[in-house]
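Peer 1: test case, fold it:
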Amino acid sequence: MSTIDEATRKHVKSIVCDILEVEPDEVTETSLLAEEHDADSLRSIEILASIEVSLQVSIEQAQMKRMINLEGIYEVLEEAKAKAKAEAK
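Peer 2: Okay, the predicted model is just below:
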């Protein structure tokens, strides 16, 4: 079960929509950010950095290749949060 709550999902989607300059109803959980919403590598890095700053989590840039849609971003975020929690113990 996902540890990413609905408020966090909405926040991440808002970040993605702001950076890609698209309306929230245009982006689904599975719509491909690069192919359908023109997310180039620079915008992908901006999305990653904005998520890191706003959610205070560290995500390796190597994970960007998995962040192809919102589902992928949520998975990467969930893993980053789990790793941070494990390291804090």
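Peer 1: what segments of this protein are strands?
Peer 2: Secondary structure of the chain (DSSP state E): no strands located.
Peer 1: where in it is the helix or strand with the lowest mean pLDDT?
Peer 2: One helix or strand of the chain scores below all others by mean pLDDT, DSSP states H and E: helix 70-88, with a mean of 93.
Peer 1: buried set for that helix?
Peer 2: 70, 72-77, 79-81 (16 or more other Cβ atoms under 10 Å). All C-beta spots, glycine's among them, are computed from the backbone N, C-alpha and C.
Peer 1: and if you look at stretch 54-64?
Peer 2: 55, 57, 59, 63-64.
Peer 1: sort out for me which of those are in helices.
Peer 2: residue 55 (DSSP state H).
Peer 1: return the closest of the buried residues of stretch 54-64 with respect to residue 31.
Peer 2: residue 64 (17.0 Å; Cβ to Cβ).
Peer 1: so what's that closest one closest to, chain neighbours aside?
Peer 2: residue 44 (5.4 Å; Cβ to Cβ, 6 or more residues apart in numbering).
Peer 1: ok, residue 66 touching residue 76?
Peer 2: Yes - if you go by Cβ atoms under 8 Å, residue 66 and residue 76 touch, sitting 5.5 Å apart.
Peer 1: joint contacts of the two?
Peer 2: Residues touching both residue 66 and residue 76 (Cβ atoms under 8 Å, 6 or more residues apart in numbering): there are none.
Peer 1: perfect, I'm done here.
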